[in-house]
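**Q** task: produce atomic coordinates for the following.
(2 chains)
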Protein chains: 2
Amino acid sequence: MSGDAKAGRPGRTREMILAAAMEMFAESGFHGTSLRDIAGRSGLTHPGVLYHFPTKEALLMAVLERRDEVTGEDYPTEGTTAREVLRSLVGTARLNAGRRGLVELFATLSAEATSADHPAHEFFTQRYESLRDQVAGAFTALAEDGALRPGVEPALAAIQVIAMMDGLQVQWLLDDRIDMGRALAVHLDQQVVTPLEA
Amino acid sequence: MSGDAKAGRPGRTREMILAAAMEMFAESGFHGTSLRDIAGRSGLTHPGVLYHFPTKEALLMAVLERRDEVTGEDYPTEGTTAREVLRSLVGTARLNAGRRGLVELFATLSAEATSADHPAHEFFTQRYESLRDQVAGAFTALAEDGALRPGVEPALAAIQVIAMMDGLQVQWLLDDRIDMGRALAVHLDQQVVTPLEA
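**A** Numbers count the residues shown, from 1 in each chain, chains lettered A, B, ... in the order given. This is a model prediction of the structure:
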């Protein structure tokens, strides 16, 4: 109530809390961050934060939804071709090189959330399953067109390219000379008969 | 003093603290774990832990050294061939499927340590540089023997395979049907003219 009433702009206050939470979850993880820390960084009182997000779990889910809103536009919607799906992975890797905070958030939370009792465990489990399905579907369509190189298995190729995307993020966060987009594009071109950009 | 004097076995007490710290850093990260939490899990008093590890940073470094002792034996020493270096990556991935705790520890800490002020930031930066150098050296030796497929660039191939190893760990931690060893072996065989196991 307090934070809100003072600011007089509930939407803006909510945004300030979300921005502070994204930064702090990225740096210190969910377990390493308290609602009091987030209140401090967003210039609000603890009750001011609680008015918008009654629990740290609620704030985490709002942060993950916000991340999806930002990155969701990278991904192709229904009706795009298999080659466009693969190209969109390279596009995301290139865009990620310009949004360090989001990449750090995702890397930290996805690793932490591998513990079964983490509040985002189900979120990340579903996220990977659905991404693997989408990418495996694209590889399968290419296989049916004879567009994959010999020996490339669609389901495995999906696991591999998603793994490479994630691992590249950690290396890039530690050393920004790593070119995530190029590493991924070269890998994908090894899976297909005709280069993706051609 | 206290914990030690009571247990009467300083080596064993130290081991208990290290085991508890590895579990808790893996679950909750460095920032999400306190020395008091670790004391609680290892059945010691807070001063008992402080006697062995005066700071949480000192305990973190001891945990990372211990992990290296366990996994260090996976890696080939000087004098092994380039193909053996690549095969050892697959071997490590297979061994990792039997040591979930260590994999979770590495995934959580490496993501968290991408922040420049994390106490393990330098450790992981060096770790990746040295691993990339070693693997790139193996790919370069194969390139000189004409053993790489056309278009494979040694330095990039090293970045790619290390990224895939890391990303496979996150997917496997979330879904243990993922076969990390096979995914890596198939990827590496796409880089070389003659399959690695042949």
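
**Q** OK, contacts around residue A:121?
**A** A:113-115, B:174 (Cβ atoms under 8 Å, 6 or more residues apart in numbering or on different chains). To be clear about C-beta, it is placed using only N, CA and C from the backbone, and glycine gets the same treatment.

**Q** now go through those and say which are in helices.
**A** Judged by DSSP state H, the subset of those located in helices is residue B:174.

**Q** what's the closest of the contacts of residue A:121 to residue B:134?
**A** Taking Cβ to Cβ as the measure, residue B:134 sits nearest to residue A:114 out of those, at 26.7 Å.

**Q** care to break chain A down by domain?
**A** A:1-63, A:75-198 (automatic domain parsing).

**Q** so what's the gap between the last one and the chain middle?
**A** Same thing as domain A:75-198. Distance, stretch centre to chain centre, for domain A:75-198: 11 Å (Cα atoms, centre = their mean, to the nearest Å).

**Q** just checking, what packs against the helix or strand hosting residue A:168?
**A** Using DSSP states H and E, residue A:168 sits in helix A:154-174. In terms of contacts (3 or more Cβ pairs under 8 Å, 6 or more residues apart in numbering or on different chains; DSSP states H and E), helix A:154-174 is packed against helix A:82-96, helix A:100-112, helix A:121-144, helix A:180-189, helix B:121-144, helix B:154-174, helix B:180-189.

**Q** for residue B:100, find the nearest of those.
**A** Of these, nearest to residue B:100 by Cβ to Cβ is helix B:154-174, at 7.2 Å.

**Q** relative to helix B:180-189, how tilted is the closest one?
**A** For helix B:154-174 against helix B:180-189, the angle by axes from the mean of the first three to the mean of the last three Cα atoms, to 10 degrees is 160 degrees.

**Q** list the buried ones in helix B:154-174?
**A** B:154, B:156-174 (16 or more other Cβ atoms under 10 Å in any protein chain shown).

**Q** quick one: average pLDDT of stretch A:127-139?
**A** The predicted model assigns stretch A:127-139 a mean pLDDT of 96.

**Q** do it and chain B meet?
**A** Yes. Stretch A:127-139 is in contact with chain B by Cβ under 8 Å from any Cβ of the partner chain, via A:128-129, A:132.

**Q** which of those residues sits closest to residue A:44?
**A** Using Cβ to Cβ, these come closest to residue A:44 at residue A:128, 34.0 Å.

**Q** wait, doesn't that closest one sit right on residue B:171?
**A** Yes. Here residue A:128 reaches residue B:171: they are 5.8 Å apart, a contact under Cβ atoms under 8 Å.

**Q** go ahead and flag the most central residue of chain A.
**A** residue A:106 (4.9 Å; Cα atoms, centre = their mean).

**Q** tell me which residues touch it, please.
**A** A:67, A:169.

**Q** please report how far it lies from residue B:21.
**A** 26 Å (Cβ to Cβ, to the nearest Å).

**Q** cool, and residue A:151?
**A** From residue A:151 over to residue B:21 (counting by Cβ to Cβ), the distance is 43 Å.

**Q** ok, these two, which is more surrounded?
**A** residue B:21 (26 against 9; other Cβ atoms under 10 Å in any protein chain shown).

**Q** and the helix or strand harbouring that one, what's buried?
**A** Using DSSP H and E, residue B:21 falls within helix B:10-28. Residues of helix B:10-28 classed as buried by neighbour count (16+ other Cβ under 10 Å): B:13-14, B:16-28.

**Q** let me see the confidence value for the residue nearest to the centre of chain A.
**A** For residue A:106, pLDDT reads 94.

**Q** tell me the contacts of the closest residue in space to residue A:120 that isn't next to it in sequence?
**A** Closest residue to residue A:120 apart from its sequence neighbours, by Cβ to Cβ, 6 or more residues apart in numbering or on different chains: residue A:113 at 4.2 Å. Applying Cβ under 8 Å, 6+ apart, one finds that residue A:113 lies in contact with A:30, A:119-121, A:123-124, B:174.

**Q** out of the buried residues of helix B:10-28, which touch chain A?
**A** Among the buried residues of helix B:10-28, proximity to chain A is found for B:26-28 (Cβ under 8 Å from any Cβ).

**Q** so how far is chain B from the nearest residue to residue A:49 once chain neighbours are set aside?
**A** Distances taken as Cβ to Cβ, 6+ apart place residue A:39 nearest to residue A:49, at 4.5 Å, with adjacent residues excluded. Applying Cβ to the nearest Cβ, to the nearest Å, the value for residue A:39 to chain B is 17 Å.
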